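Trainee: pasting the structure only:
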């Protein structure tokens, strides 16, 4: 440390969750900042502690999250976390085969004044959902659509494209409609549900681990760095002393664009609807499929089907 003209910060067990040390030090080390290095230690590594002493440290704590924090000193979002159910176990390696065999969705959260959030999702034949790509895209809408095409060029057909419903209006200043501009670029859009609290409950349900299978209904592939980060930092606003007994929780509406996309996705009741075989879509149920090119190639239940 002296040779590098540095300094050391010693922290205690992070029982307050992801505090300033996590944001300002630990996260910078995780992102590869060469100016930071972190070490963590397990309680079990202390050879001087007996089993009785460790039991005393736990003090009868039954909450598995707090036991993990106490024993291993791991950072966890506990104070006001909207999704405390989310853990490292929900993050899985990218699997191209799983993506190729899934029914694929794209969700767009437009933001004319900042980068547009886009997340790619899939539903496996088993019905399990997953996110496999996220991106923040900039430029004109036509340029954003072209970037989406480039990023997903090897994915195959997309069953449905969902979009934030709040942008379906005519802008009086510019004379444009955001939804309309995307559709001019060949996207077939479906307006997502605007039910925030219903969506949060559906995401929570999807994150819960089944006691029999040890798996949850939703996973995030490790290619979705932004979505993973938002899961760990999505918080409720702290309750102020002036709040009365009728207080209702409020969300901090920052750093949540990818999570908004996830909420739109789960509220659409996504499901597996077919397989690709020898380059041709073999529909198992009579549902339409969509992609970017507005070219009708067949009719299913009197609705257009689109193919690459």
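Mentor: Okay, I see it. Since this is a predicted model, take the numbers as computed values, not measurements.

Trainee: all helices of the stretch 151-300 of the chain, in order?
Mentor: Counting by DSSP state H, counting those that start in this stretch, the stretch 151-300 of the chain has helices at residues 178-184, 196-207, 225-233, 257-267.

Trainee: how far off helix 257-267 does the third one point, in degrees?
Mentor: An angle of 90 degrees separates the directions of helix 225-233 and helix 257-267 when computed by axes from the mean of the first three to the mean of the last three Cα atoms, to 10 degrees.

Trainee: Just want the angle from helix 225-233 to helix 196-207.
Mentor: For helix 225-233 against helix 196-207, the angle by the same axes, to 10 degrees is 100 degrees.

Trainee: Measure how buried the residue nearest to residue 8 when sequence neighbours are not counted is and give me the count.
Mentor: Nearest non-adjacent residue to residue 8, counting by Cβ to Cβ, 6 or more residues apart in numbering: residue 1, 5.8 Å away. To be clear about C-beta, it is placed using only N, CA and C from the backbone, and glycine gets the same treatment. Residues near residue 1, counting by other Cβ atoms under 10 Å, number 8.

Trainee: One more: residue 7?
Mentor: 7.

Trainee: Wait, it touches residue 1, no?
Mentor: Yes - if you go by Cβ atoms under 8 Å, residue 7 and residue 1 touch, sitting 6.7 Å apart.

Trainee: so how far is the first residue of stretch 215-229 from its last?
Mentor: End-to-end distance of stretch 215-229: 21 Å, with Cα to Cα, to the nearest Å as the criterion.

Trainee: per-residue confidence for residue 297?
Mentor: Per-residue pLDDT puts residue 297 at 44.

Trainee: for residue 16, same thing?
Mentor: Looking at residue 16, its pLDDT reads 62.

Trainee: Please apply the same query to residue 219.
Mentor: For residue 219, the predicted pLDDT is 97.

Trainee: Now do the helices in the stretch 1-150 of the chain.
Mentor: For the stretch 1-150 of the chain, applying DSSP H, counting those that start in this stretch gives helices covering 20-21, 27-30, 51-58, 64-72, 96-101, 141-151.

Trainee: Show me what the fifth one is packed up against.
Mentor: Helix 96-101 sits against strand 129-137, strand 274-277, with contacts defined as 3 or more Cβ pairs under 8 Å, 6 or more residues apart in numbering; DSSP states H and E.

Trainee: mean pLDDT for the helices of the stretch 1-150 of the chain: which is lowest?
Mentor: helix 20-21 (a mean of 72).

Trainee: Could you dump the helices of the stretch 1-150 of the chain into CSV with distance to residue 114 added?
Mentor: As requested, the helices of the stretch 1-150 of the chain are arranged in CSV below (distance: least, Cβ to Cβ, whole Å):
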stretch, distance to residue 114
helix 20-21, 25
helix 27-30, 21
helix 51-58, 45
helix 64-72, 33
helix 96-101, 28
helix 141-151, 12
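
Trainee: Which of those helices sits closest to residue 127?
Mentor: helix 96-101 (13.1 Å; Cβ to Cβ).

Trainee: Okay, buried residues for the closest one please.
Mentor: The neighbour-count check on helix 96-101 (16 or more other Cβ atoms under 10 Å) flags 98, 99, 101 as buried.

Trainee: Stretch 104-120 too?
Mentor: Of the residues in stretch 104-120, 104-111, 116-120 count as buried by neighbour count, 16+ other Cβ under 10 Å.

Trainee: beta partners of residue 162?
Mentor: residue 107, residue 190 (DSSP bridges).
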